[in-house]
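Colleague: Take this sequence and fold it.
(2 chains)
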2 protein chains.
Amino acid sequence: MLTTGFTGSPLDRADQLRNDSAALEALRSGSEARFAAFVDLRPLVDELGEPRWLTNSEVPAELYAIFLGLHDGNAYFAVSVPPDEHAMELRTAAARMSPGNLAILAQARSLLSWHANHQHCAKCGAHTQPAKGGYQRICESEACRAEHFPRTDPVVIMLVTDGDRCLLGRQPKFPPGYYSTLAGFVEAGESIEEAVAREVFEEAGVSVSRVSYIASQPWPFPSSLMIGCFAEAATTEIQIDATELEDAKWFTKGEARAALAGAGPFKCSPRFAISYTLLKTWAEL
Amino acid sequence: MLTTGFTGSPLDRADQLRNDSAALEALRSGSEARFAAFVDLRPLVDELGEPRWLTNSEVPAELYAIFLGLHDGNAYFAVSVPPDEHAMELRTAAARMSPGNLAILAQARSLLSWHANHQHCAKCGAHTQPAKGGYQRICESEACRAEHFPRTDPVVIMLVTDGDRCLLGRQPKFPPGYYSTLAGFVEAGESIEEAVAREVFEEAGVSVSRVSYIASQPWPFPSSLMIGCFAEAATTEIQIDATELEDAKWFTKGEARAALAGAGPFKCSPRFAISYTLLKTWAEL
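Modeller: Purely as a prediction, here's the structure:
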């Protein structure tokens, strides 16, 4: 199995505890509690580039803490804290942090983002309150009481291949020189394979035949599940959708290998992105 | 590639039209418009079991219509209509309807359900208005203007195998005799493979080793993406989570084949469910 970025969390999510608020409160107020702290979704990071875990004495008791899981005698939580000089963008921290810690912060960041953007009930507009260790929000309105659950958006991300060539595109927002695999949200009423075909045709005008699942990764910006595939091109003429991409090109396997080694005709996504995993897997086939 | 239920829509989703409200309005008010009509998320069905498509003259102009796509000279939309004797549960209609029409109704039902439950902004509580042909809702509050997009929940669904045996479970809500593959929502901060391992261990106490992706399907109750996998058992003793399952058992391949033929020790999910596809694929290996 391929290893992708943001995976490999050591935590036991211990979901049975989410329904046991007394047990969660005891864990949260104990000396073995470890808090992943975020300032506006940016984690606190220490001088080694690892999470700067806070302990119970450093986290005000009134702050809502999301329960992440258990590991090695510690109980892990996520909290939002006031501005702090140790806060760093997770994308920046990701290049250096150990995989297990990075996976914990991915879980934490996605959940904190969801809570920040779901203070109200989408059904009736009333305020919502967190429940089940942070894995639910409940509408405060007696007449509604709707239950809401964290959202994860499935995204297909695919390396389209034509024999020895692969198709990569660049969005206007990319830094200069970068090219990446095409990607897009899975929509209602389609399978993974159908979403791959639709997105590739929409963005690059290329039809694909066989789609093969390769690997997946969670992507905490804010909360996607990246579903990585290879797709064989059935047509090769490119016609880009200029609202999505500013360019798309076929690159040879030799060019991809050179790029992965840092000396190619384009720059690759960082190692923690599944786009990198897909390109590397194909280039080494 | 395996064919799963609710896939195979003939529609071109023509997403570029979603930004062109004048073009959408012209399509909606034209004689080539075809409306999938639902009463409380139950589609109108004709005597042959196919969708009872409404035309423009049958749909009040003030009703918001979600744009589904184009096919064969027609433009397809989804609308909610008042009570009508032709309404039928989609699960019931699914057993008989042709695959292409069923896929269109799956897309329609998921989107209608999302609109019904997102009349308010989860960020600020104000009312929201539909936009982009129904693929967005925008907060009416000038101070907020948050954009919301249809939600699709990724779910892992897996046939756990131990050589010639497979693990199936039953939820208390199942009709008598039915057993199905285990399944659960993918959470923030985990890959597909990690979600499979976590869910199988949570629900049945069984550890799995190798996880292989097999197929996927959209599931419009209300809007999931079912990600179907095989998972090899690393342990075989079953310990069920009684809050999720009332039973879980190992069945032999012979028993599975008999059940698929309608004469086994358990009853299978319907053919349009990916649980059936997974079991049949494995039983025929």
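Colleague: quick one: the helices in chain A?
Modeller: Per DSSP state H, chain A carries helices over the ranges A:21-28, A:90-94, A:99-116, A:192-204, A:253-260, A:274-283.
Colleague: Any chance of JSON lines for those, columns mean pLDDT, mean neighbour count and distance to A:Y135?
Modeller: Every C-beta, even on glycine, is put in place using the N, C-alpha and C of the backbone. Below are the helices of chain A laid out as JSON lines (pLDDT from 0 to 100; neighbours: other CB atoms under 10 Å in any protein chain shown; distance: least, CB to CB, whole Å):
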{"stretch": "helix A:21-28", "mean pLDDT": "96", "mean neighbour count": "15", "distance to A:Y135": "11"}
{"stretch": "helix A:90-94", "mean pLDDT": "97", "mean neighbour count": "18", "distance to A:Y135": "21"}
{"stretch": "helix A:99-116", "mean pLDDT": "98", "mean neighbour count": "23", "distance to A:Y135": "8"}
{"stretch": "helix A:192-204", "mean pLDDT": "98", "mean neighbour count": "23", "distance to A:Y135": "25"}
{"stretch": "helix A:253-260", "mean pLDDT": "97", "mean neighbour count": "18", "distance to A:Y135": "38"}
{"stretch": "helix A:274-283", "mean pLDDT": "98", "mean neighbour count": "21", "distance to A:Y135": "25"}
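Colleague: what about stretch A:135-152, near chain B?
Modeller: Yes. Under the criterion of CB under 8 Å from any CB of the partner chain, chain B is reached by stretch A:135-152 at A:135, A:146, A:148-152.
Colleague: Now do that stretch: distance to the chain's middle.
Modeller: How far stretch A:135-152 lies from its chain's middle: 23 Å, per CA atoms, centre = their mean, to the nearest Å.
Colleague: So what touches that stretch?
Modeller: With CB atoms under 8 Å, 6 or more residues apart in numbering or on different chains as the test, stretch A:135-152 has contacts from A:15, A:18, A:66-67, A:110-111, A:114-115, A:118, A:121-124, A:126-131, A:218, A:223-225, B:117, B:122, B:151, B:153-154, B:185-188.
Colleague: can I have it written out in PDB, keeping just the CAs?
Modeller: This file holds the C-alpha atoms of stretch A:135-152, laid out as PDB (Å, rounded to 0.1, in the frame of the first residue of the first chain):
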ATOM      1  CA  TYR A 135     -18.200  14.900  16.300                       C
ATOM      2  CA  GLN A 136     -21.600  16.500  16.300                       C
ATOM      3  CA  ARG A 137     -23.400  19.800  16.600                       C
ATOM      4  CA  ILE A 138     -27.000  20.000  17.800                       C
ATOM      5  CA  CYS A 139     -29.400  22.800  17.000                       C
ATOM      6  CA  GLU A 140     -30.400  24.700  20.200                       C
ATOM      7  CA  SER A 141     -33.900  25.400  18.900                       C
ATOM      8  CA  GLU A 142     -36.400  23.100  20.800                       C
ATOM      9  CA  ALA A 143     -38.600  23.000  17.600                       C
ATOM     10  CA  CYS A 144     -35.700  21.800  15.500                       C
ATOM     11  CA  ARG A 145     -32.900  20.000  17.400                       C
ATOM     12  CA  ALA A 146     -31.300  19.000  14.100                       C
ATOM     13  CA  GLU A 147     -28.100  17.000  14.400                       C
ATOM     14  CA  HIS A 148     -25.200  18.000  12.200                       C
ATOM     15  CA  PHE A 149     -22.100  16.000  11.500                       C
ATOM     16  CA  PRO A 150     -18.600  17.000  10.400                       C
ATOM     17  CA  ARG A 151     -18.300  17.300   6.600                       C
ATOM     18  CA  THR A 152     -15.700  15.600   4.500                       C
END
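Colleague: average pLDDT across it?
Modeller: For stretch A:135-152, the mean per-residue pLDDT is 98.
Colleague: and the residue of the stretch 1-150 of chain A found nearest chain B, what is it in contact with?
Modeller: Closest to chain B within the stretch 1-150 of chain A is A:Q107: 2.7 Å, counting by CB to the nearest CB. By CB under 8 Å, 6+ apart, A:Q107 lies in contact with A:9, A:11, A:68-69, A:78, A:218, A:220, B:187-190.
Colleague: swap the cut-off to 7 Å and go again
Modeller: Going by CB atoms under 7 Å, 6 or more residues apart in numbering or on different chains, A:Q107 touches A:9, A:68, B:188-189.
Colleague: Switch these over to a markdown table; also include distance to A:E237, pLDDT and neighbour count.
Modeller: Converted to a markdown table, the contacts of A:Q107 look like this (distance: CB to CB, whole Å; pLDDT from 0 to 100; neighbours: other CB atoms under 10 Å in any protein chain shown):
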| residue | distance to A:E237 | pLDDT | neighbour count |
| --- | --- | --- | --- |
| A:S9 | 43 | 98 | 26 |
| A:L68 | 48 | 98 | 26 |
| B:A188 | 39 | 97 | 26 |
| B:G189 | 40 | 97 | 29 |
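Colleague: Which member of those residues is positioned nearest A:F35?
Modeller: Among the contacts of A:Q107, A:L68 lies closest to A:F35 (CB to CB), at 9.5 Å.
Colleague: so how far is the longest strand that chain A contains from its chain's centroid?
Modeller: If you go by DSSP state E, chain A has its longest strand at strand A:208-219. Distance, stretch centre to chain centre, for strand A:208-219: 15 Å (CA atoms, centre = their mean).
Colleague: buried stuff in that strand?
Modeller: Judged by neighbour count using 16 or more other CB atoms under 10 Å in any protein chain shown, the buried positions of strand A:208-219 are A:208, A:211, A:213-219.
Colleague: restrict those residues to contacts with chain B.
Modeller: Among the buried residues of strand A:208-219, the residues within reach of chain B (CB under 7 Å from any CB of the partner chain) are A:213, A:216-218.
Colleague: Nearest residue to the residue of the stretch 151-285 of chain A at minimum distance from chain B in space, please, no chain neighbours.
Modeller: Using CB to the nearest CB, the closest approach of the stretch 151-285 of chain A to chain B is made by A:G189 at 2.7 Å. Distances taken as CB to CB, 6 or more residues apart in numbering or on different chains put B:Q107 closest to A:G189, at 2.7 Å, once the chain neighbours are dropped.
Colleague: circling back: who's in contact with the residue of the stretch 151-285 of chain A closest to chain B?
Modeller: Under the criterion of CB under 7 Å, 6+ apart, the neighbours of A:G189 are B:6, B:9, B:103, B:106-107, B:110, B:218, B:220.
Colleague: Repeat the analysis, applying 6 Å as the threshold.
Modeller: By CB atoms under 6 Å, 6 or more residues apart in numbering or on different chains, the residues touching A:G189 are B:106-107, B:110, B:218.
Colleague: How many residues are close by the closest residue to A:Q239 other than its chain neighbours?
Modeller: Closest residue in space to A:Q239, ignoring its immediate chain neighbours: A:G205 at 3.1 Å, by CB to CB, 6+ apart. A:G205 is flanked by 14 other residues according to other CB atoms under 10 Å in any protein chain shown.
Colleague: pLDDT score assigned to A:G205?
Modeller: Per-residue confidence (pLDDT) for A:G205: 98.
Colleague: Same question for A:L2.
Modeller: Looking at A:L2, its pLDDT reads 86.
Colleague: thinking it is in contact with A:A215, fair?
Modeller: Yes. Counting by CB atoms under 6 Å, A:L2 does reach A:A215; the two are 4.2 Å apart.
Colleague: Pick out the residue nearest the middle of chain A.
Modeller: Taking CA atoms, centre = their mean, the centroid of chain A lies closest to A:W219, which sits 0.9 Å from it.
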